[in-house]
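> one predicted model, sequence on top.
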Amino acid sequence: MAEKKKNITFNDIAKFTGFSKTTISRYFNNPDSLTPENQKIVSDALEKLDYKENKVARILANGQTEFIGILIPNLYLAYYSEMLNQILSTYETFGYKFLVFIGKDKEETERKYIQELLAYKIEGLIVLSHTLPSLELASLPIPVVAVEREDHYISSVNCDNYSGSFKACQLLASHGCQVLIHINTPTDRQIPAYQRIQAFSDYCKEQNQKHEILIQPLGTTYEEMKEHLGNILDSIQEQYNGLRIGIFISGDTYANIFLNLIVRKYGKLPDDWFLIGFDDSPVSREAIFPISSISQQIETIACEAVRLLVEQIAERKKEKPVSLSRPVHKMISPRIIPRETTEKNNSES
């Protein structure tokens with residue numbers, strides 16, 4: 001029977017290097033406190049000893065879990081699933097792991113999940129859910145960063161929604177659309193995405209453009225969205241029949257369902273119908289006809305959100321941390337991605 005391999009301890013590393021156990025502990029918990037030369041000596045020793053770090057022991061020793069919590073409303077909308085995918089992908093860059101809870105817009109459920117996350121000693125929290133006010137989140141004993149939600153009292157990373165909506169209107173108008181229609185869900189003015197509605201209204205008024213804004217609940221399941229969007233499609237067809245129609249839908253998941261309904265009705269996307277979504281999530285590229293979209297640059301938002309949170313976590317670990325005098329708000333510029341639903345069989349530019 002093969003001999004069981006011995007676990008390498010701090011004492012073993014200390015003996016191998018000639019350093020004290022305190023110095024070895026500092027290497028793991030605060031490596032910058034050692035000179036680069038001594039860091040290399042310890043690093044080389046770990047490789048020669050084939051050291052495998054005991055994460056649980058390290059957590060018990062210093063209370064630092066390297067876990068970040070994520071609170072997300074749902075994974076049905078493609079925007080949220082892609083944002084989560086990109087946040088999780090930052091592990092290679094920042095070295096933090098993630099614990100994820102889906103709140104489903106229920107206040108007490110989300111409060112329970114946050115307490116559960118705190119019990120696991122998360123070092124920070126990223127919140128995409130809109131349910132709990134930022135004032136409540138700011139009272140938590142850990143740094144919190146918001147993404148695309150009300151953020152008055154906490155730091156955040158958001159897309160420039162106003163600019164993105166304006167670009168969508170300009171693209172539709174460039175194709176000679178006689179009426180522009182914006183489809184959205186009820187959105188609080190404090191939420192960054194409200195600026196999509198505001199920009200659409202401002203553009204159409206400035207350009208004296210015939211338009212309509214359709215705001216109504218679209219549901220949280222495919223069946224509900226299909227029913228609500230089907231009713232909207234019937235209404236648009238009846239009211240604007242014969243006109244060149246430009247439709248801007250606030251979200252690629254909605255835009256994809258709406259496109260499917262159009263194709264089922266007409267067998268194609270009619271030549272005088274133009275459609276653009278928002279997010280540039282994978283569903284926009286995978287649709288029956290690739291959907292033009294406003295790219296929020298989800299990968300960039302995710303990376304910047306984790307970076308902003310990690311910076312605050314690192315600051316708190318300093319001997320004399322400096323608290324933020326006010327929340328930090330980062331804005332990411334959107335890009336327009338023209339595809340077949342506006343460019344009509346042209347390839348993506």
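Ah, there it is. Since this is a predicted model, take the numbers as computed values, not measurements.
> the strands in the stretch 101-250 of the chain, which residues?
For the stretch 101-250 of the chain, the strands defined by DSSP state E, counting those that start in this stretch occupy 124-127, 144-147, 155-159, 179-184, 211-215, 245-249.
> what comes up buried for the third one?
By 16 or more other C-beta atoms under 10 Å, the buried positions in strand 155-159 come out as 155-159. Every C-beta, even on glycine, is put in place using the N, C-alpha and C of the backbone.
> quick one: contacts of it?
By C-beta atoms under 8 Å, 6 or more residues apart in numbering, the surrounding residues in contact with strand 155-159 are 143-149, 151, 192, 296-297, 301, 304-305, 308-309, 312, 324, 327-332, 334.
> C-alpha coordinates for that strand, CSV please?
Coordinates of the C-alpha atoms in strand 155-159 are reproduced here as CSV (Å, rounded to 0.1, in the frame of the first residue of the first chain):
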residue,chain,number,x,y,z
SER,A,155,-21.0,52.5,-5.2
SER,A,156,-22.0,51.3,-8.6
VAL,A,157,-21.2,50.5,-12.2
ASN,A,158,-23.8,51.4,-14.8
CYS,A,159,-24.2,51.7,-18.6
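> for the record, mean pLDDT for it?
Strand 155-159 carries an average pLDDT of 98.
> cool, and the last one?
Confidence over strand 245-249, taken as the mean pLDDT, stands at 98.
> could you check the angle strand 179-184 makes with it?
In terms of direction (axes from the mean of the first three to the mean of the last three C-alpha atoms, to 10 degrees), strand 245-249 departs from strand 179-184 by 20 degrees.
> of the buried residues of strand 155-159, closest to residue 271?
residue 159 (31.1 Å; C-beta to C-beta).
> that closest one bridge partners, please.
residue 332 (DSSP bridges).
> gap between it and residue 83?
For residue 159, the distance to residue 83 (C-beta to C-beta, to the nearest Å) stands at 11 Å.
> over to residue 235?
From residue 235 over to residue 83 (counting by C-beta to C-beta), the distance is 31 Å.
> more neighbours: which of those two?
More crowded of residue 235 and residue 83, by other C-beta atoms under 10 Å: residue 83, with 26 against 13.
> wasn't the more buried one part of a helix?
Yes - per DSSP: H, G, I helix; E, B strand; the rest coil, residue 83 lies within a helix segment.
> please name the residues that touch it.
72, 128, 147, 298, 301-302 are the contacts of residue 83 under C-beta under 8 Å, 6+ apart.
> now do residue 212
Neighbours of residue 212 in contact, by C-beta under 8 Å, 6+ apart: 179-182.
> now with 6 Å?
residue 181 (C-beta atoms under 6 Å, 6 or more residues apart in numbering).
> so what sits opposite it in the bridge?
Here residue 212, judged by DSSP bridges, has bridge partners residue 181.
> what's the pLDDT at it?
pLDDT at residue 212 comes out at 98.
> mind checking how far it is from residue 263?
Residue 212 is 22 Å from residue 263, by C-beta to C-beta.
> same question, residue 29
From residue 29 to residue 263 the distance is 59 Å (C-beta to C-beta).
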